[in-house]
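J.: I need the structure of the sequence given here:
(one chain, ligands or ions: 2)
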Amino acid sequence: MAQKKSADAAAHQVSAQVIRDLHERMVRIRLFETEAGKLMEAGKLPGFLHLYVGQEAVAAGVMAALRDDDQITSTHRGHGHAVAKGVGLREMYAELYGRVTGACLGRGGSMHINDLTRGMLGANGIVGAGVPIAVGAAFAARYKGEDSVAVTFFGDGATNIGAFHEGANMAAILGLPVVFVCENNGYAEFTPQSKHMLINDVAERAAAYGMPSVIVDGMDALAVHRAATDAVERARSGAGPMMIEAKTYRFFDHQGVKGLRHPYRSDEEVAEWKARDPIDLLETRAVADGTATRAELDDVWQRTRDEIAEAIAYAETSPLPDPADLLLNVYSG
Ligand SMILES: Cc1ncc(C[n+]2csc(CCOP(=O)(O)OP(=O)(O)O)c2C)c(N)n1
Ligand SMILES: [Mg+2]
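T.: Ligands and ions are numbered 1, 2, ... in the order given. Model (predicted):
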């Protein structure tokens, strides 16, 4: 089955508009996450926080290739996908705070953020569980005669889970419009990939289901965007599912902000990946080729900072759910 290394992203001809779009999505994710991390450190957020910082090019590159009516499923590390798909920052922060104005009315927290109106079918605390949901969404779209595509994001570790294999096989055999996006950050919690599978490239697993795959530099938003554009077009045209494996890295720990006392990653390894910060890479390229000036890029950061400060204030001043409503919305029908 075809499996190819992605061609040089520089050969990917995109408009200045797309580059600005990718940049804006990545900055929104970065600032959303770093501020969420500070709130967690300050003891303001209940629950867990799996930060997405470092992996922004994947969410941005894929989402910029989607239409609004395309649908996605996400993971326990899902804020980046939600932000990039256009879920409101106010509703997201309010959910992290457990407030009634949150995306799940304050009942779900970080790992359940969803917004069906934006095609965000949900983060998911069960590793691998988003895969069959996306397959079902793609089946439903085709059944209804719609031409939307479903994208499922999952980690390297998730590809050891049965749900991934069942979903991949079913999508392939039914020729469904699903794009499988593996965000290979090299670790499942604290276990390096070499200790949880015997292959280097998760993309090899696609071949077992007769699905083509491509491997991309997950720190390069343009490379991801190129691969996603191809895979989405292919799926939408009826040619079936495809897998993209994006090699990436998370800059924070598996969960939370502080590093472990006994680090499982060397300082050198972390520094090497941070030197390829996906936002720096795109900004350097954009300034060098004249797509944007430094002042224009700085303006994006400032506008986003203001928007985020406003969203946090909204969340903080929102009420907690009323205990009398405890049994409401427990089941979905
Ligand atoms: C079914 C299931 N098994 C185990 C866990 C505990 N767990 C949470 S995240 C995680 C690692 C997932 O690794 P990966 O898929 O690579 O995602 P990453 O955290 O690297 O983004 C595990 C084992 C879980 N949440 N669900
Ligand atoms: Mg991982």
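J.: OK, contacts around Met219?
T.: Ala57, Lys247, Thr248, Tyr249, Trp273, Arg276, Asp277, Pro278, Leu281 (Cβ atoms under 8 Å, 6 or more residues apart in numbering). C-beta coordinates here come from the backbone N, C-alpha and C atoms, glycine included.
J.: same for ligand 1: which of these are within range?
T.: Taking Cβ under 6 Å from any ligand atom as the test, ligand 1 is in contact with none of those.
J.: contacts only, for Gly47.
T.: By Cβ under 8 Å, 6+ apart, the neighbours of Gly47 are Leu96, Gly98, Gly109, Ser110, Met111.
J.: count the residues that sit near whichever residue of the chain sits closest to ligand 1.
T.: Residue of the chain nearest ligand 1, by Cβ to the nearest ligand atom: Gly155 (2.4 Å). As a burial measure, Gly155 scores 27 neighbours (other Cβ atoms under 10 Å).
J.: do you know the pLDDT at the closest residue to it other than its chain neighbours?
T.: Spatial nearest neighbour of Gly155, excluding adjacent residues (Cβ to Cβ, 6 or more residues apart in numbering): Glu183 at 5.7 Å. Note for Glu183: predicted pLDDT of 99.
J.: strands of this protein, residue ranges please.
T.: Counting by DSSP state E, one finds strands in the chain at the ranges 3-5, 71-73, 150-155, 178-184, 187-188, 191-192, 213-217, 242-247.
J.: hmm, who's touching the fifth one?
T.: Residues from elsewhere that reach strand 187-188 (Cβ under 8 Å, 6+ apart): Gly155, Asp156, Gly157, Ala158, Asn160, Gln193, His196, Arg250, His254, Tyr264, Arg265.
J.: select only the buried ones of these in ChimeraX?
T.: Buried members of the contacts of strand 187-188 can be picked out in ChimeraX with the line below, counting by 16 or more other Cβ atoms under 10 Å:
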select :155,156,157,158,160,193,250,254,265
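J.: pick the one among the contacts of strand 187-188 closest to ligand 2.
T.: Here the nearest of the contacts of strand 187-188 to ligand 2, counting by Cβ to the ion, is Gly155; it sits at 3.6 Å.
J.: how deep is Phe139 tucked in, by neighbour count?
T.: 17.
J.: what does Pro278 give?
T.: Pro278 has 28 neighbours, counted by other Cβ under 10 Å.
J.: just Val100 next, same as before
T.: Counted with other Cβ under 10 Å, residues neighbouring Val100 total 15.
J.: correct me if wrong: it contacts Thr317.
T.: No. Taking contacts as Cβ atoms under 8 Å, Val100 lies outside contact range of Thr317: 11.8 Å.
J.: export the contacts of Met219 to JSON lines and tack on distance to ligand 2 and pLDDT?
T.: Shown next, in JSON lines, are the contacts of Met219 (distance: Cβ to the ion, whole Å; pLDDT from 0 to 100):
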{"residue": "Ala57", "distance to ligand 2": "16", "pLDDT": "99"}
{"residue": "Lys247", "distance to ligand 2": "11", "pLDDT": "98"}
{"residue": "Thr248", "distance to ligand 2": "9", "pLDDT": "98"}
{"residue": "Tyr249", "distance to ligand 2": "9", "pLDDT": "98"}
{"residue": "Trp273", "distance to ligand 2": "13", "pLDDT": "98"}
{"residue": "Arg276", "distance to ligand 2": "17", "pLDDT": "98"}
{"residue": "Asp277", "distance to ligand 2": "18", "pLDDT": "98"}
{"residue": "Pro278", "distance to ligand 2": "16", "pLDDT": "98"}
{"residue": "Leu281", "distance to ligand 2": "21", "pLDDT": "98"}
